[in-house]
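Colleague: Provided below are the primary sequence and the corresponding predicted coordinates.
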Amino acid sequence: MTKEERVAYNREWRKKNPQKVADSKKKWIEKNREKYCAYRREWSAKNRDRVNASQRKWCRKNPDKISISAHIWKDKNPDKFKEGCRAWQRANPERIKAYVDNWTENHRAEKKRSKRLSYAVKCGHIIRPNKCDLCSKETNPDGHHPDQLNPDPLKVMWLCRKCHQQLHFELRQRQYLDQCLNCKWNCKTKAAPTLKLTCFDFQQKAAEIQEKIRAEVRG
């Protein structure tokens, strides 16, 4: 049997016996884990375009899986996530600018509302307090609109940067929790425990202030 004939025979045998091939490969990998990982790293480095194309293709087919796994990874690796975000931002200033321009184009109402509040503070029509409404920390607080469709853009909660970020973080986490509890992979037992919501007092106080602002707007 010539070399070409042996190659053709082996290829045909693999097609007819996929399970045996898979089991054999699995056993070899278990025995040669370091060698296999080194080979994969070397191959990935030489074929970066093929790897990226394959990852993008899988991501397009599995957007929900990506969202859930990404949240789980971020909860377990917050420092690595922040470092990766900073590195990506430094390497992609044009894409960040395009994203900001696109967000501004699609959120004109929010941008207009923020500008009106900033102008009112600058002109002295509204006095910015020197402490946070939630934690009472002395700072230069941000204005947070409790309702996205608030007809009065000057009715806001004054929050320090940490509380402001935490409030938006909880909104995203609650959306993520709803996604986990209703996803088609039934992964609630795996994903739900990774949520890190703030204490009840923080949530209750934020809800009371938001309801007070809504009452003032209605009144």
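Modeller: Everything's here; your move.

Colleague: low pLDDT regions in the chain?
Modeller: Residue ranges of the chain with pLDDT under 70: 64, 67-68, 147-151, 172-207, 209-210, 212-219.

Colleague: in it, which spans are strands?
Modeller: When secondary structure is read from DSSP state E, the chain shows strands at 142-144, 157-159.

Colleague: how far out from the middle of the chain is the first one?
Modeller: What it means is strand 142-144. Centroid separation between strand 142-144 and its chain, computed with C-alpha atoms, centre = their mean, to the nearest Å, is 22 Å.

Colleague: run through the neighbouring helices and strands of it.
Modeller: helix 108-123, strand 157-159, helix 161-182 (3 or more C-beta pairs under 8 Å, 6 or more residues apart in numbering; DSSP states H and E). Just so you know, the C-beta spots here come from the backbone N, C-alpha and C atoms, and that holds for glycine as well.

Colleague: hmm, back to that, nearest to residue 76, out of the strands of the chain?
Modeller: Proximity of these to residue 76 was assessed by C-beta to C-beta; the nearest stretch is strand 157-159, lying at 27.4 Å.

Colleague: what lines up beside that closest one in the sheet?
Modeller: If you go by DSSP bridges, strand 157-159 pairs up with strand 142-144 (antiparallel).

Colleague: so what touches the strand it pairs with?
Modeller: Taking contacts as C-beta atoms under 8 Å, 6 or more residues apart in numbering, the residues outside strand 142-144 that touch it are 114, 117, 121, 128, 156, 157, 158, 159, 160, 161, 164, 167.

Colleague: buried deepest among the helices and strands packed on strand 142-144, which one?
Modeller: Ranked by mean neighbour count, the helices and strands packed on strand 142-144 are led by strand 157-159 with a mean of 22 (mean count of other C-beta atoms under 10 Å).

Colleague: alright, calling it a day.
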